[in-house]
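Asks: need a 3D model of the following:
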Amino acid sequence: MQLAVAQSPKREFRGVWVVTVNNIDWPSKPGLTIDQQKTEIAEILNQHKANGMNAIIFQVRPAGDAFYPSAYEPWSQYLTGFPGKAPEPYYDPLKEWIDRTHERGMEFHAWCNPYRVSQNADRPLAGNHVAFEHPDWILRYGNKLYFDPGNPGVRTFLVKVITDMVSRYDLDAIHFDDYFYPYKIAGQEFPDEASFRLYNAERFANRDDWRRRNVDLIIQMLSEAIKKTKPWVQFGISPF
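Replies: Next up, the predicted model:
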(Lines give C-alpha, C1' and ligand atoms only; values in the text may rest on other atoms or scores of the structure.)
Protein backbone atom coordinates (compact mmCIF):
# COMPACT_ATOMS: atom_id res chain seq x y z
CA MET A 1 0.00 0.00 0.00
CA GLN A 2 1.41 3.36 -1.04
CA LEU A 3 0.68 6.50 0.95
CA ALA A 4 -0.31 9.60 -0.97
CA VAL A 5 2.09 12.44 -0.25
CA ALA A 6 0.92 16.00 -0.73
CA GLN A 7 3.16 17.77 -3.18
CA SER A 8 4.10 21.29 -2.16
CA PRO A 9 4.57 23.75 -4.98
CA LYS A 10 8.20 24.09 -6.03
CA ARG A 11 7.90 27.83 -5.85
CA GLU A 12 5.43 30.24 -4.33
CA PHE A 13 5.05 33.86 -5.38
CA ARG A 14 5.16 35.94 -2.21
CA GLY A 15 5.20 39.51 -3.43
CA VAL A 16 4.73 42.82 -1.66
CA TRP A 17 3.73 46.17 -3.15
CA VAL A 18 5.98 49.17 -2.51
CA VAL A 19 3.93 52.30 -3.19
CA THR A 20 5.51 55.57 -4.29
CA VAL A 21 2.44 57.64 -5.24
CA ASN A 22 1.77 60.26 -2.55
CA ASN A 23 4.90 58.92 -0.75
CA ILE A 24 2.86 56.14 0.83
CA ASP A 25 5.81 53.72 1.25
CA TRP A 26 8.95 55.17 -0.34
CA PRO A 27 10.45 57.63 -0.07
CA SER A 28 8.69 58.45 3.19
CA LYS A 29 8.59 62.06 2.05
CA PRO A 30 9.94 63.98 -0.95
CA GLY A 31 13.28 65.69 -0.73
CA LEU A 32 15.14 63.21 1.46
CA THR A 33 18.90 63.06 0.99
CA ILE A 34 20.25 60.27 -1.19
CA ASP A 35 21.67 58.51 1.87
CA GLN A 36 18.28 58.70 3.59
CA GLN A 37 16.57 57.28 0.51
CA LYS A 38 19.04 54.40 0.30
CA THR A 39 18.70 53.69 4.02
CA GLU A 40 14.92 53.45 3.62
CA ILE A 41 15.36 51.08 0.66
CA ALA A 42 17.53 48.76 2.76
CA GLU A 43 15.11 48.89 5.70
CA ILE A 44 12.09 48.06 3.52
CA LEU A 45 13.86 45.19 1.78
CA ASN A 46 15.26 43.75 5.01
CA GLN A 47 11.81 43.80 6.58
CA HIS A 48 10.15 41.99 3.67
CA LYS A 49 13.00 39.50 3.30
CA ALA A 50 12.70 38.67 7.01
CA ASN A 51 8.95 38.21 6.57
CA GLY A 52 9.49 35.60 3.87
CA MET A 53 8.71 37.65 0.79
CA ASN A 54 10.45 36.69 -2.44
CA ALA A 55 9.35 39.49 -4.79
CA ILE A 56 9.14 43.27 -4.65
CA ILE A 57 6.51 45.01 -6.78
CA PHE A 58 7.87 48.55 -6.90
CA GLN A 59 5.80 51.45 -8.26
CA VAL A 60 8.25 52.93 -10.72
CA ARG A 61 5.76 54.92 -12.86
CA PRO A 62 2.99 56.18 -10.58
CA ALA A 63 1.56 59.02 -12.68
CA GLY A 64 3.07 59.58 -16.12
CA ASP A 65 6.46 60.08 -14.46
CA ALA A 66 9.53 58.04 -13.62
CA PHE A 67 11.78 56.94 -10.75
CA TYR A 68 14.61 56.51 -13.25
CA PRO A 69 16.19 58.59 -16.02
CA SER A 70 13.81 58.45 -18.96
CA ALA A 71 13.91 60.01 -22.40
CA TYR A 72 10.11 59.92 -22.45
CA GLU A 73 8.87 60.99 -19.03
CA PRO A 74 9.95 63.41 -16.28
CA TRP A 75 11.39 62.55 -12.90
CA SER A 76 8.64 61.94 -10.35
CA GLN A 77 7.69 64.73 -7.99
CA TYR A 78 7.42 62.14 -5.23
CA LEU A 79 11.20 61.78 -5.28
CA THR A 80 12.39 65.37 -4.92
CA GLY A 81 9.18 67.31 -4.34
CA PHE A 82 9.39 68.95 -7.77
CA PRO A 83 8.14 67.36 -11.01
CA GLY A 84 10.99 66.82 -13.46
CA LYS A 85 13.80 67.41 -10.96
CA ALA A 86 16.55 64.76 -10.86
CA PRO A 87 17.98 63.59 -7.54
CA GLU A 88 21.03 65.53 -6.26
CA PRO A 89 23.66 64.23 -6.13
CA TYR A 90 22.58 62.18 -9.10
CA TYR A 91 21.79 58.49 -8.81
CA ASP A 92 19.36 56.05 -10.40
CA PRO A 93 16.73 54.96 -7.83
CA LEU A 94 15.39 52.17 -10.05
CA LYS A 95 18.83 50.59 -10.42
CA GLU A 96 19.38 50.92 -6.68
CA TRP A 97 16.12 49.12 -5.96
CA ILE A 98 16.87 46.38 -8.50
CA ASP A 99 20.41 45.77 -7.27
CA ARG A 100 19.51 45.73 -3.58
CA THR A 101 16.47 43.50 -4.24
CA HIS A 102 18.50 40.98 -6.24
CA GLU A 103 21.24 40.96 -3.58
CA ARG A 104 18.63 39.52 -1.23
CA GLY A 105 17.57 36.82 -3.68
CA MET A 106 14.22 38.43 -4.44
CA GLU A 107 12.53 39.18 -7.76
CA PHE A 108 12.04 42.79 -8.84
CA HIS A 109 8.78 43.69 -10.59
CA ALA A 110 8.48 47.18 -12.06
CA TRP A 111 4.93 48.33 -11.29
CA CYS A 112 3.43 50.88 -13.66
CA ASN A 113 0.12 52.69 -13.90
CA PRO A 114 -0.80 52.97 -17.58
CA TYR A 115 -3.17 55.93 -17.86
CA ARG A 116 -2.74 58.19 -14.83
CA VAL A 117 -1.05 61.54 -15.56
CA SER A 118 -1.74 63.57 -12.43
CA GLN A 119 -3.44 63.00 -9.10
CA ASN A 120 -4.33 66.69 -9.02
CA ALA A 121 -5.20 68.40 -12.29
CA ASP A 122 -4.53 71.82 -10.81
CA ARG A 123 -0.91 71.10 -9.94
CA PRO A 124 1.73 71.94 -12.57
CA LEU A 125 3.34 69.22 -14.64
CA ALA A 126 7.05 69.07 -15.41
CA GLY A 127 7.99 71.34 -18.30
CA ASN A 128 9.14 68.39 -20.41
CA HIS A 129 5.97 66.35 -19.89
CA VAL A 130 4.58 64.81 -23.08
CA ALA A 131 1.24 66.47 -22.27
CA PHE A 132 2.59 69.76 -23.63
CA GLU A 133 3.66 68.19 -26.91
CA HIS A 134 0.45 66.20 -27.30
CA PRO A 135 -2.37 67.94 -25.41
CA ASP A 136 -4.89 65.87 -27.37
CA TRP A 137 -3.62 62.78 -25.50
CA ILE A 138 -4.71 64.16 -22.12
CA LEU A 139 -8.20 64.15 -20.62
CA ARG A 140 -9.41 65.70 -17.38
CA TYR A 141 -11.88 63.64 -15.41
CA GLY A 142 -12.90 64.88 -12.01
CA ASN A 143 -9.81 66.49 -10.55
CA LYS A 144 -7.33 64.14 -12.23
CA LEU A 145 -5.57 63.96 -15.58
CA TYR A 146 -5.40 60.78 -17.65
CA PHE A 147 -3.92 59.60 -20.91
CA ASP A 148 -6.74 58.91 -23.37
CA PRO A 149 -6.80 55.11 -23.81
CA GLY A 150 -8.68 55.50 -27.10
CA ASN A 151 -5.95 57.54 -28.78
CA PRO A 152 -3.59 55.35 -30.85
CA GLY A 153 -0.71 57.75 -30.16
CA VAL A 154 -1.08 57.10 -26.45
CA ARG A 155 -0.82 53.35 -26.93
CA THR A 156 2.30 53.71 -29.06
CA PHE A 157 3.84 56.03 -26.48
CA LEU A 158 3.13 53.67 -23.58
CA VAL A 159 4.74 50.79 -25.45
CA LYS A 160 7.85 52.93 -26.00
CA VAL A 161 8.04 53.80 -22.30
CA ILE A 162 7.76 50.21 -21.16
CA THR A 163 10.02 48.79 -23.86
CA ASP A 164 12.70 51.34 -22.98
CA MET A 165 12.56 50.31 -19.33
CA VAL A 166 12.68 46.60 -20.14
CA SER A 167 15.63 47.03 -22.52
CA ARG A 168 17.76 49.02 -20.06
CA TYR A 169 17.13 47.36 -16.71
CA ASP A 170 17.49 43.89 -15.22
CA LEU A 171 13.78 43.48 -14.49
CA ASP A 172 12.12 40.22 -13.64
CA ALA A 173 8.68 41.49 -14.59
CA ILE A 174 6.51 44.38 -15.65
CA HIS A 175 3.50 44.59 -13.37
CA PHE A 176 0.31 46.66 -13.76
CA ASP A 177 -2.29 47.20 -11.06
CA ASP A 178 -4.70 48.98 -13.42
CA TYR A 179 -5.45 48.32 -17.05
CA PHE A 180 -8.95 49.78 -17.26
CA TYR A 181 -10.60 53.16 -17.67
CA PRO A 182 -10.94 55.37 -14.55
CA TYR A 183 -13.66 54.50 -12.09
CA LYS A 184 -16.86 56.30 -12.99
CA ILE A 185 -17.72 59.53 -11.21
CA ALA A 186 -21.43 59.94 -10.50
CA GLY A 187 -23.02 62.28 -13.00
CA GLN A 188 -19.87 62.63 -15.14
CA GLU A 189 -19.08 60.82 -18.38
CA PHE A 190 -15.45 60.11 -19.20
CA PRO A 191 -14.71 62.81 -21.84
CA ASP A 192 -13.63 60.65 -24.78
CA GLU A 193 -16.40 61.53 -27.25
CA ALA A 194 -13.91 63.08 -29.70
CA SER A 195 -11.71 59.97 -29.67
CA PHE A 196 -14.75 57.74 -30.10
CA ARG A 197 -15.65 59.66 -33.26
CA LEU A 198 -12.09 59.80 -34.59
CA TYR A 199 -10.70 56.36 -33.77
CA ASN A 200 -13.66 54.02 -33.87
CA ALA A 201 -12.42 52.27 -37.01
CA GLU A 202 -14.29 49.08 -36.20
CA ARG A 203 -17.54 51.04 -35.93
CA PHE A 204 -18.56 49.95 -32.47
CA ALA A 205 -22.07 51.22 -31.75
CA ASN A 206 -21.54 50.98 -28.00
CA ARG A 207 -18.79 53.14 -26.55
CA ASP A 208 -18.13 50.70 -23.71
CA ASP A 209 -17.43 47.95 -26.26
CA TRP A 210 -15.01 50.30 -28.00
CA ARG A 211 -13.33 51.10 -24.68
CA ARG A 212 -12.89 47.42 -23.90
CA ARG A 213 -11.31 46.96 -27.32
CA ASN A 214 -8.86 49.79 -26.57
CA VAL A 215 -7.83 48.04 -23.35
CA ASP A 216 -7.40 44.74 -25.20
CA LEU A 217 -5.16 46.47 -27.74
CA ILE A 218 -2.76 48.08 -25.26
CA ILE A 219 -2.36 44.87 -23.26
CA GLN A 220 -1.69 42.89 -26.44
CA MET A 221 0.81 45.49 -27.68
CA LEU A 222 2.63 45.60 -24.34
CA SER A 223 2.82 41.82 -24.03
CA GLU A 224 4.21 41.41 -27.53
CA ALA A 225 6.73 44.26 -27.10
CA ILE A 226 8.02 42.97 -23.75
CA LYS A 227 8.46 39.41 -25.02
CA LYS A 228 10.15 40.64 -28.19
CA THR A 229 12.60 42.74 -26.17
CA LYS A 230 13.37 40.18 -23.44
CA PRO A 231 11.39 36.92 -23.64
CA TRP A 232 12.21 36.02 -20.04
CA VAL A 233 10.64 39.14 -18.54
CA GLN A 234 7.22 38.33 -17.07
CA PHE A 235 4.17 40.51 -17.70
CA GLY A 236 1.28 40.50 -15.28
CA ILE A 237 -1.71 42.49 -14.08
CA SER A 238 -3.24 42.41 -10.60
CA PRO A 239 -6.70 43.95 -10.63
CA PHE A 240 -8.67 43.44 -7.44
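Asks: tell me what the residue nearest the centre of the chain is bridged to.
Replies: For the chain, residue 112 is the residue whose C-alpha lies nearest the centre (C-alpha atoms, centre = their mean; 0.8 Å). In this structure, residue 112 bridges to residue 61, residue 176 when assessed by DSSP bridges.
Asks: residue 27: neighbour count?
Replies: Residues lying near residue 27 (other C-beta atoms under 10 Å) number 22. Where you see a C-beta, it was placed from the backbone N, CA and C, and this is true even at glycine.
Asks: is it true that it touches residue 38?
Replies: No. Using C-beta atoms under 8 Å as the test, residue 27 is too far from residue 38 to be in contact (10.0 Å).
Asks: what sits against the residue nearest to the centre of the chain?
Replies: 59, 60, 61, 161, 162, 174, 175, 176 (C-beta atoms under 8 Å, 6 or more residues apart in numbering).
Asks: any chance of the residues you listed in a markdown table, plus distance to residue 144 and pLDDT?
Replies: Below are these laid out as a markdown table (distance: C-beta to C-beta, whole Å; pLDDT from 0 to 100):
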| residue | distance to residue 144 | pLDDT |
| --- | --- | --- |
| 59 | 17 | 97 |
| 60 | 20 | 97 |
| 61 | 16 | 96 |
| 161 | 19 | 98 |
| 162 | 21 | 98 |
| 174 | 23 | 97 |
| 175 | 22 | 93 |
| 176 | 18 | 90 |
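Asks: which among these gets closest to residue 95?
Replies: Nearest to residue 95 among the contacts of residue 112 is residue 60, at 11.0 Å by C-beta to C-beta.
Asks: residues contacting the closest one?
Replies: Counting by C-beta under 8 Å, 6+ apart, residue 60 has contacts 20, 66, 67, 68, 94, 110, 111, 112, 165.
Asks: so which of these sit within helices?
Replies: Residues of the contacts of residue 60 located in helices (DSSP state H): 94, 165.
Asks: residue 140 in helix, strand or coil?
Replies: Secondary structure state of residue 140, per DSSP: H, G, I helix; E, B strand; the rest coil, is strand.
Asks: can you tell me how far it sits from residue 193?
Replies: Look at residue 140 and residue 193: by C-beta to C-beta, to the nearest Å, they are 14 Å apart.
Asks: kindly report the same for residue 173.
Replies: 36 Å.
Asks: then residue 111?
Replies: The value you get for residue 111 to residue 193, if C-beta to C-beta is used, is 31 Å.
Asks: more neighbours, the two?
Replies: residue 111 (23 against 11).
Asks: what ranges do the helices span in the protein?
Replies: 34-50, 77-80, 93-103, 130-133, 152-168, 193-199, 207-229.
Asks: deepest-packed of these, please.
Replies: helix 77-80 (a mean of 22; mean count of other C-beta atoms under 10 Å).
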